[in-house]
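Colleague: Could you work out the structure for the sequence below:
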Amino acid sequence: MKKPFVRPASRAGIRDPRNATYITNLADIDRQKRRPRQLTSHTSILRLEDLEEVQELPSEEPLGEAPAPTTVASRMICFFGPKGGTGATTLAINTAGYLVQQNRGVVLVDMDLQLGSIPVALNTRPERSVAEVMREAVRAGQGPLQSGLDRHPSGISFVAQGDRIEELAEVTTDKLPRFFDALGQSFQYVVVDGLSDFSDHAVATMDLAHVIALTVTQDVPAVRAASRSLRLFRRLGYGPDRLKVVLNRYHRKAPVSLEAIQNALGQQVDAVVHNDFPLVEESLNLGRLLWEVKPRARTTKDLEGLATLMAGLPVAPPSGGVLSRLFGRKG
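Modeller: Residues are numbered from 1 along each chain as shown. Down below sits the predicted model:
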């Protein structure tokens with residue numbers, strides 16, 4: 001008889017799976033401007049033989065089934081970047097932005113409570129913190145939020161802790177279900193960014209999610225981190241219905257191919273977003289969405305497909321290759 005799963009406070013004390021961090025510096029950006037057709041500088045550290053080590057890593061027995069997602073009528077989408085530089089924040093912001101364009105009520109939540117990227121990427125300063133909104137949600141009991149949230153000119157509502165680190169102790173895991181429940185009663189979609197480890201806050205958040213996007217790029221450290229994360233997700237009881245693998249910054253001629261990544265992970269890649277460094281850099285510098293900068297770009301169209309997948313929306317019949325770009329060109 002299968003033992004019922006009881007989630008301990010630390011979910012078996014699982015620690016941060018990251019083994020490397022990649023940060024694009026100013027020199028990298030300058031080189032990229034001079035060589036726009038090449039991949040970013042992390043390609044210089046690629047070692048294809050390292051992928052064999054990933055495949056041989058043993059799997060562990062699951063700890064049980066993950067709790068059911070939040071029961072409110074909204075859909076909660078989490079983006080998980082197990083290694084710095086995979087672009088999870090760009091994917092989260094533009095997924096939220098696409099849903100806003102489709103006239104859906106969306107709130108974007110930055111769960112990196114100390115150095116969150118959402119205000120920086122949106123070029124805005126939050127007036128309300130996660131802790132403040134959480135206090136209001138707890139006071140509201142079982143109801144929705146009673147006051148408005150910060151809002152970007154694109155129409156995205158968002159919640160970020162900002163610089164108010166003195167409030168961090170108030171953001172506790174036991175209050176997270178009420179916090180996200182209140183947001184879910186106010187918005188049709190809750191999109192979460194800033195998850196990169198298996199801390200109590202991160203796992204408590206992902207336990208409530210309907211779908212989690214694990215982001216990976218075409219470099220060996222990112223594949224290693226994604227592989228380790230997949231094993232931890234499986235131990236925590238997250239099945240393929242809730243966990244999706246997203247390959248970001250895809251380049252057909254990259255040394256680590258899509259096929260090699262899928263073999264190393266032992267799982268299909270669910271969505272592909274093509275590499276367009278100049279476009280993403282421009283949108284981030286302007287604090288705008290990709291659709292506002294270059295709506296017909298391949299990367300923009302890829303993100304439309306990703307948002308559709310993550311939101312569980314009906315997929316339109318193929319008309320211009322959007323689906324082939326989302327799932328295909330596997331080579």
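Colleague: who's in contact with Ile77?
Modeller: Ile77 sits next to Thr95, Tyr189, Val190, Val191, Val192, Ala209, His210, Val211, Ile212, Ala213, Met310, Ala311 when contact means C-beta atoms under 8 Å, 6 or more residues apart in numbering. Glycine gets a C-beta too; all of them are placed from N, C-alpha and C.
Colleague: show me what contacts the nearest residue to the second one once chain neighbours are set aside?
Modeller: The one in question is Tyr189. Computed as C-beta to C-beta, 6 or more residues apart in numbering, the closest residue to Tyr189 that is not its neighbour in sequence is Val106, at 4.6 Å. Counting by C-beta under 8 Å, 6+ apart, Val106 makes contact with Ala96, Leu99, Val100, Ile156, Ser157, Phe187, Gln188, Tyr189, Val190, Val191.
Colleague: likewise Val269?
Modeller: Taking C-beta under 8 Å, 6+ apart as the test, what Val269 contacts is Val216, Val245, Val246, Leu247, Leu258, Ile261, Gln262.
Colleague: correct me, but the last one touches Gln268?
Modeller: Yes - assessed by C-beta atoms under 8 Å, Gln262 is found in contact with Gln268 at 5.8 Å.
Colleague: three-state assignment of Leu91?
Modeller: Counting by DSSP: H, G, I helix; E, B strand; the rest coil, the backbone at Leu91 sits in helix.
Colleague: pLDDT score assigned to it?
Modeller: At Leu91, the model reports a pLDDT of 97.
Colleague: Repeat that for the one 3 residues further on.
Modeller: According to the model's per-residue confidence, Asn94 sits at a pLDDT of 96.
Colleague: my guess is it contacts Leu290, does it?
Modeller: Yes - Asn94 lies in contact with Leu290 (C-beta under 8 Å); the separation is 5.4 Å.
Colleague: sec struct for Val191, please.
Modeller: Secondary structure state of Val191, per three-state DSSP, is strand.
Colleague: Against Gly97, how distant is it?
Modeller: 10 Å (C-beta to C-beta, to the nearest Å).
Colleague: Please enumerate the strands of this structure.
Modeller: Applying DSSP state E to the chain gives strands spanning 75-80, 106-110, 150-151, 157-159, 189-195, 211-216, 243-250, 271-274.
Colleague: quick revisit: out of the contacts of Ile77, which comes closest to Glu166?
Modeller: Nearest to Glu166 among those is Val192, at 23.1 Å by C-beta to C-beta.
Colleague: Show residues contacting stretch 126-141.
Modeller: Contact with stretch 126-141 is made by 109-111, 113, 119, 145-147, 149-150, 158-162, 164, 167-168, 170-171, 175, 178-179, 181-183, as judged by C-beta under 8 Å, 6+ apart.
Colleague: Same question for stretch 287-299.
Modeller: When contacts are defined by C-beta under 8 Å, 6+ apart, stretch 287-299 is touched by residues 93-94, 97-98, 101, 121-124, 154, 273-276, 279-280, 282-283, 286, 300, 303, 325.
Colleague: about what we covered before: neighbour count winner among Asn94 and Leu290?
Modeller: Just comparing Asn94 and Leu290: by other C-beta atoms under 10 Å the higher neighbour count belongs to Asn94, 28 against 25.
Colleague: Tell me who's in contact with the more buried one.
Modeller: Applying C-beta under 8 Å, 6+ apart to Asn94 gives the contacts Leu289, Leu290, Trp291, Leu303, Ala307.
Colleague: ok, now with 7 Å
Modeller: Leu289, Leu290, Leu303 (C-beta atoms under 7 Å, 6 or more residues apart in numbering).
Colleague: who touches the closest residue to it other than its chain neighbours in this structure?
Modeller: The shortest distance from Asn94 to any non-neighbouring residue, by C-beta to C-beta, 6+ apart, is to Leu303 (4.7 Å). Contacts for Leu303 were tallied using C-beta under 7 Å, 6+ apart; they are Asn94, Thr95, Tyr98, Val273, Leu290.
Colleague: okay if I get the contacts of Val106 as TSV plus distance to Ala202 and neighbour count?
Modeller: Formatted as TSV, these follow (distance: C-beta to C-beta, whole Å; neighbours: other C-beta atoms under 10 Å):
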residue	distance to Ala202	neighbour count
Ala96	19	31
Leu99	23	26
Val100	25	20
Ile156	22	23
Ser157	22	19
Phe187	21	24
Gln188	24	15
Tyr189	20	25
Val190	15	27
Val191	15	29
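Colleague: rewinding a little: in CSV: the contacts of Leu303, plus distance to Ser74.
Modeller: Compiled in CSV, those are given as follows (distance: C-beta to C-beta, whole Å):
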residue, distance to Ser74
Asn94, 19
Thr95, 14
Tyr98, 17
Val273, 24
Leu290, 24
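Colleague: Now for those residues: which two are most distant?
Modeller: With distances taken as C-beta to C-beta, the most widely separated pair in the contacts of Leu303 is Tyr98 and Val273, at 12.3 Å.
Colleague: what about the two, which has more around it?
Modeller: Taking neighbours as other C-beta under 10 Å, Tyr98 and Val273 compare with Val273 leading, 27 against 24.
Colleague: Do I have it right that that one meets Lys301?
Modeller: No - using C-beta atoms under 7 Å, Val273 makes no contact with Lys301, being 9.7 Å away.
Colleague: For Arg75, state which of the contacts of Asn94 is nearest.
Modeller: Of all these, Leu303 has the smallest distance to Arg75: 17.4 Å, by C-beta to C-beta.
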